[in-house]
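**Q** can't give you the sequence, but here's the structure:
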């Protein structure tokens, strides 16, 4: 029986790339904010890096720099209920 | 006391008005729905026109009002309510019983603010024999005080033909004047109140 073209190792190599491709049964995906981007990272349960799943623009209108900038006053009304 | 009306002065004898509408009057129909204007005579009002701008028959004032009873939940403020006029640490701005319950992550966020104003729209006037005492009821306690405060949100404009310049003004209406230091604190806090950049505008600066 002729092999299907996709069964050739060369085709697998071309599509999948090098390196091990074992997929752990357990993994977690975390959102990692990095400057203007939001990166979805795949980790093992013990926080070992598996790979990057997605990189997208952070649509929150505040940039990372703006978020860490102090707002300059203490918003404390919630701590003084009537 | 200077023989002139100054920013932060406590005055008597000026009426305060507050117009009230249900919605903006953009059509005859909404005009017909009516409006009303509250008029009252506060015991004391505070000058919020900068000194060099007082005159031309007009002045900006805000009524002197009683302090919030919730201030007395915070021992740091109870020691001296005028601390509200100055920047403070976050753990000073939040009552201890509330501070101890804040989760660590949120506490860290507050600490990162460092020194800052609390109650950005308020300024407290030091106790003075001129100010009538009143009783605060708080958590089963009765606390007598004569601290008063102003709220920048209550500012209104008043026309008075006798107010021509800071010195050519009805000085008989002037009751108290802030110290130079207190006046500076008021100027700094109100400037900060109006000078905050909203988050929506910050994005354009990045």
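**A** Happy to help now that I have it. Computed from a predicted model, the values in this text were never measured in an experiment.
**Q** can you list the weak-confidence ranges in chain A?
**A** A:1-25, A:59-71 (pLDDT under 70).
**Q** what does chain B put close to chain A?
**A** B:68-71, B:73-74, B:88, B:90, B:93-95, B:98, B:110, B:112-114, B:116-120, B:192, B:196, B:199-200, B:202-203, B:206 (Cβ under 8 Å from any Cβ of the partner chain). Just so you know, the C-beta spots here come from the backbone N, C-alpha and C atoms, and that holds for glycine as well.
**Q** would you mind checking the residues you listed for buried ones?
**A** B:68-71, B:73-74, B:88, B:90, B:93-95, B:110, B:113, B:116-120, B:202 (16 or more other Cβ atoms under 10 Å in any protein chain shown).
**Q** related to what we said a few turns ago, among the residues of chain B next to chain A, which lie within helices?
**A** B:90, B:93, B:98, B:110, B:112, B:192, B:199, B:200, B:202 (DSSP state H).
**Q** identify the farthest-apart pair in the residues you listed.
**A** Greatest spatial distance in those: B:98 and B:200, 29.3 Å, computed using Cβ to Cβ.
**Q** who are the contact partners of the closest residue to residue B:85 other than its chain neighbours?
**A** Leaving aside its sequence neighbours, residue B:85 sits nearest to residue B:185 (Cβ to Cβ, 6 or more residues apart in numbering or on different chains; 4.7 Å). The contact partners of residue B:185, taken as Cβ atoms under 8 Å, 6 or more residues apart in numbering or on different chains, are B:85, B:86, B:123.
**Q** again, but for residue A:57
**A** By Cβ under 8 Å, 6+ apart, the residues touching residue A:57 are A:36, A:37, A:38.
**Q** phi, psi of it?
**A** Note on residue A:57: its backbone torsions stand at phi -70, psi 140 [degrees, to the nearest 10].
**Q** next one: it from chain B, what distance?
**A** According to Cβ to the nearest Cβ, to the nearest Å, residue A:57 and chain B sit 14 Å apart.
**Q** quickly list what that residue is bridged to.
**A** Taking DSSP bridges as the rule, residue A:57 bridges to residue A:37.
**Q** the strands in the chain, which residues?
**A** If you meant another chain, say so; for now it's chain A. Along chain A, the segments classed as strands by DSSP state E run A:28-34, A:37-43, A:49-57, A:73-74.
**Q** wait, chain B was what I had in mind.
**A** Using DSSP E, strands in chain B cover B:10-11, B:16-20, B:36-40, B:45-47, B:58-63, B:65-66, B:117-118, B:122-125, B:134-138, B:141-145, B:148-151, B:156-159, B:174-176.
**Q** what are the contacting residues of the last one?
**A** So the one you mean is strand B:174-176. Looking at strand B:174-176 with Cβ under 8 Å, 6+ apart, the contacting residues turn out to be B:1, B:5, B:9, B:10, B:11, B:12, B:44, B:125, B:128, B:130.
**Q** so which of those is the most crowded?
**A** Within those, most neighbours by other Cβ atoms under 10 Å in any protein chain shown means residue B:9, with 29 neighbours.
**Q** can you give me the pLDDT of the nearest residue to that residue once chain neighbours are set aside?
**A** Of all residues beyond its chain neighbours, the one nearest residue B:9 is residue B:47 (4.6 Å), with distances taken as Cβ to Cβ, 6+ apart. What the model reports for residue B:47 is a pLDDT of 98.
**Q** return the distance of residue B:47 relative to residue B:163.
**A** Residue B:47 sits 10 Å away from residue B:163, taking Cβ to Cβ, to the nearest Å as the criterion.
**Q** more crowded one of those two?
**A** residue B:47 (24 against 21).
**Q** correct me if wrong: that one contacts residue B:4.
**A** No - between residue B:47 and residue B:4 there is no contact under Cβ atoms under 8 Å: 10.6 Å.
**Q** and the strands of chain A as TSV, adding distance to residue B:174?
**A** Output for the strands of chain A, formatted as TSV (distance: least, Cβ to Cβ, whole Å):
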stretch	distance to residue B:174
strand A:28-34	56
strand A:37-43	59
strand A:49-57	59
strand A:73-74	31
